[in-house]
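Novice: 3D, please:
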Amino acid sequence: MKKVLPVFFLFSLLVACLQPPDYPIEPVIAFERMSKTQMLQTPLGNDSILVTFSFTDGDGDLGFENNQTPDIFISDGRDSFAKPPYRIPYVGEQGVGNGISGEISIVIPSTCCIYNPPGQIPLTCSEVPVAWDTVFYRIYIQDRAGHKSNEIETALITLKCK
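Specialist: I've put the predicted structure just below:
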């Protein structure tokens, strides 16, 4: 009995470690962190912020082999203006259970401050008469099968306008 119990314990541990994750086939993402909460406004991307989010995908079909198809989509939370999309590196099949999880970090360049007085044309960048603005970004991903993830929002980012 003393010899059987340790073998049974090791076998149970091995079986537990080999169970594939039970994630939905649609990607699921969650905001994790940002490198900072303040940026200088700039139309040329001289400042940026690193945004990290976690992901799971039940069938593990993230990224495209041709590396040409975008699959990370970002929009400005102030006006829903789309930022240039990003690409996830191709993730091949990982064995019997293809569920995957991990973290993705992307660099988002700074943007212009927006001043939108009621009844007037919005002003941007150098024309903005205020010293500060705030922005947040909405992010979602899409897998090779076309399944869209949930949409996350970053924390508020303070833009120094002047």
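Novice: Could I have the CA atoms of the helix or strand encompassing residue 33 written out in PDB?
Specialist: Assigning secondary structure by DSSP states H and E places residue 33 in strand 28-34. Written as PDB, here are the backbone C-alpha positions of strand 28-34 (Å, rounded to 0.1, in the frame of the first residue of the first chain):
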ATOM      1  CA  VAL A  28     -12.000  36.800 -24.200                       C
ATOM      2  CA  ILE A  29      -9.800  39.700 -23.100                       C
ATOM      3  CA  ALA A  30      -9.300  41.600 -19.900                       C
ATOM      4  CA  PHE A  31      -7.400  44.900 -19.300                       C
ATOM      5  CA  GLU A  32      -4.400  44.300 -17.100                       C
ATOM      6  CA  ARG A  33      -2.200  47.500 -16.900                       C
ATOM      7  CA  MET A  34      -0.700  50.500 -18.600                       C
END
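Novice: what's next to the helix or strand following it, contact-wise?
Specialist: Using DSSP H and E, the helix or strand that follows strand 28-34 in sequence is strand 38-40. For strand 38-40, contacts defined as CB atoms under 8 Å, 6 or more residues apart in numbering pick out 46-49, 110, 157-160. For glycine as for every other residue, the C-beta is placed from the backbone atoms N, C-alpha and C.
Novice: Just send these back as a markdown table, with pLDDT, neighbour count and distance to residue 85 too.
Specialist: Converted to a markdown table, the contacts of strand 38-40 look like this (pLDDT from 0 to 100; neighbours: other CB atoms under 10 Å; distance: CB to CB, whole Å):
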| residue | pLDDT | neighbour count | distance to residue 85 |
| --- | --- | --- | --- |
| 46 | 84 | 11 | 21 |
| 47 | 93 | 16 | 20 |
| 48 | 94 | 15 | 16 |
| 49 | 96 | 19 | 17 |
| 110 | 92 | 20 | 18 |
| 157 | 97 | 21 | 19 |
| 158 | 96 | 13 | 25 |
| 159 | 94 | 23 | 22 |
| 160 | 94 | 15 | 27 |
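Novice: So the residue lying closest to residue 28 once chain neighbours are set aside versus residue 138, what's the distance?
Specialist: Excluding the flanking residues, the one nearest residue 28 by CB to CB, 6 or more residues apart in numbering is residue 56, at 4.9 Å. For residue 56, the distance to residue 138 equals 19 Å [CB to CB, to the nearest Å].
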